[in-house]
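*Asks:* 3D, please:
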Amino acid sequence: MTAKRSITRRALAAAAFAVSLGSLSAVPVGLAGGAHASDSVQTAIDLDDPTKPSEFGRLLPSTPIAPARHVRALRRSHEQIPASVPWGDGQRKTIADFLTTTNTRGFVVLHRGRLVTEWYDDHTGPTTKLASWSVAKSMAGLLTGQAIAEGRLTLNTRVVTILPWLRVENPADGDPRFNTITVRHLLDMTSGIDAAEGYQVDPLEDPSAALSMLTGTYLMLVHPDMHSYALSHRRMVFDPGTRGEYASYNTQLLSMVLSKVFGTDYITAFVNRLWRPAGAQHAATWNLDHGGGIAKAFCCLNATARDFARLGLLAAEAGGPGSRVSRAWLDRILTPQPTPLGGWPYSTQFWHVPGDQHGKRANDVSAIGVFGQYIYVNPRTQTVIVKLSDHGIEQDEALTFRAMRSMARSWRH
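*Replies:* As a prediction, this is how the structure comes out:
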């Protein structure tokens, strides 16, 4: 993550308009790689409030995801979270102030699998689906661990070995260095692919910035064909593995690799391997590039706060009986890699709080989404905290991470 950036809601409205155009121009095709969890595809465009990040998923085609048949109960705990949290420079915020000033819509705290507290704003409740944004990336990190444990690939497997149609044969089509990108590079955001994030632009205030919406993550968000997008993004900005640079395309490409090695579409793999084992209680959706297409895996899971928390438990309880996340894979997630991203330690599609040392196993990590979405996981204290928000772009992330860490450290043992 980079430092706080500002963006007006008018910029988000511009992106929403672009999404609506991309969605309306999409031509539905048959389900690729097998049926999703449900074959029914939603393609309706809803522009009631395109500037609300938590509901942005309604603008894109999506496929519904059914609740798990065996729901994991979240029994109530008699514990309480602290009355206040640290908020920089020796200051503290009350929990109520923390939640309201960071524009929280849903907030859930679990300890040892029990529900300690949950809070919602006036327009949200336990059954409200909210957008994950980049929190969804961490699901790809968990699935990669399963694929490696099953011998389907390794960290050193080259992307073009799994997806040979992406191999650069002609320099006019891309950079030959693309052929050396491995699963490790995608997993830790060190691939060097030229696909910039570009969140800082406001095309309505600066019309010249509108061109940025034709590249990188903006384009990927609205693009109706991820395979076509992949073919057009094989240029490089640095040698793979030499440094870290956050780019959502790494996750999208990783999801395509996973779909291939699992022999099914990405959403079905997610449902069978994470969603159902987590015991999800409510229906969800995942946005697609077009009706009947493939998942926009870098961003677009829409689910309830409680079910995001259940997904967090998969990591918090790694290595336990029936776990879908191995102890070895959890160790990798908890160990920052040598290449930080914008000053933030990072590993396996999860973020570490600034200050964590690379190569030294930490006690906590978080999935983080751009407008204040979090699944914080502390396996040591068996804490999972979900926060879904309509906050600013990358705003108060380090402060929020440390606030959640203080909650996780408050339990008596």
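
*Asks:* in the stretch 1-150 of the chain, where is pLDDT below threshold?
*Replies:* Counting by pLDDT under 70, the ranges of the stretch 1-150 of the chain that qualify are 1-51.

*Asks:* can you list the low-confidence ranges for the stretch 251-400 of the chain?
*Replies:* Looking at the stretch 251-400 of the chain by pLDDT under 70, you get an empty list.

*Asks:* go again with 80.
*Replies:* 358, 392-394 (pLDDT under 80).

*Asks:* strands of that one, start to end?
*Replies:* 284-287, 301-303, 346-347, 350-351, 365-369, 373-378, 383-389 (DSSP state E, counting those that start in this stretch).

*Asks:* work out the sheet partners of the longest one and label each with its direction, please.
*Replies:* Each strand that strand 383-389 pairs with, and the sense of that pairing, follows from DSSP bridges: strand 104-111 (antiparallel), strand 373-378 (antiparallel).

*Asks:* now T304, nearest residue through space, not along the chain?
*Replies:* H282 (4.6 Å; Cβ to Cβ, 6 or more residues apart in numbering). Where C-beta positions appear, they are placed from N, C-alpha and C, glycine not excepted.

*Asks:* correction: R177
*Replies:* R177 sits nearest to M236 (Cβ to Cβ, 6+ apart), 4.7 Å away.

*Asks:* does the one you found have beta-bridge partners, and which?
*Replies:* I193.

*Asks:* can you give me the helices in the stretch 151-300 of the chain?
*Replies:* Per DSSP state H, counting those that start in this stretch, the stretch 151-300 of the chain carries helices over the ranges 159-162, 183-187, 216-222, 226-231, 249-262, 266-270, 276-278.

*Asks:* closest one to A403 among those?
*Replies:* With Cβ to Cβ as the criterion, A403 lies closest to helix 276-278 of those, at 24.9 Å.

*Asks:* any chance you could list what contacts the closest one?
*Replies:* By Cβ atoms under 8 Å, 6 or more residues apart in numbering, the residues outside helix 276-278 that reach it are A68, R69, H70, R72, D307, R310, L311, L313, L314, G322, R324.

*Asks:* what do you get if the cut-off is 6 Å, keeping everything else the same?
*Replies:* With Cβ atoms under 6 Å, 6 or more residues apart in numbering as the test, helix 276-278 has contacts from A68, R310, L311, L314, R324.

*Asks:* separate out the buried members of those residues.
*Replies:* A68, R310, L311, L314, R324 (16 or more other Cβ atoms under 10 Å).

*Asks:* how about the contacts made by the third one?
*Replies:* In this structure, L311 makes contact with A278, judged by Cβ under 6 Å, 6+ apart.

*Asks:* and with 7 Å instead?
*Replies:* L311 is in contact with L274, A278, I375, counting by Cβ atoms under 7 Å, 6 or more residues apart in numbering.

*Asks:* how about the nearest residue to the second one once chain neighbours are set aside, what does it touch?
*Replies:* The one in question is A278. Computed as Cβ to Cβ, 6+ apart, the closest residue to A278 that is not its neighbour in sequence is R310, at 4.2 Å. The contact partners of R310, taken as Cβ under 7 Å, 6+ apart, are R72, A278, G279, A280.

*Asks:* by neighbours, which of these wins?
*Replies:* A280 (25 neighbours; other Cβ atoms under 10 Å).

*Asks:* correct me if wrong: it contacts A66.
*Replies:* No - the pair A280 / A66 is not scored as a contact, 8.8 Å apart, by Cβ atoms under 7 Å.
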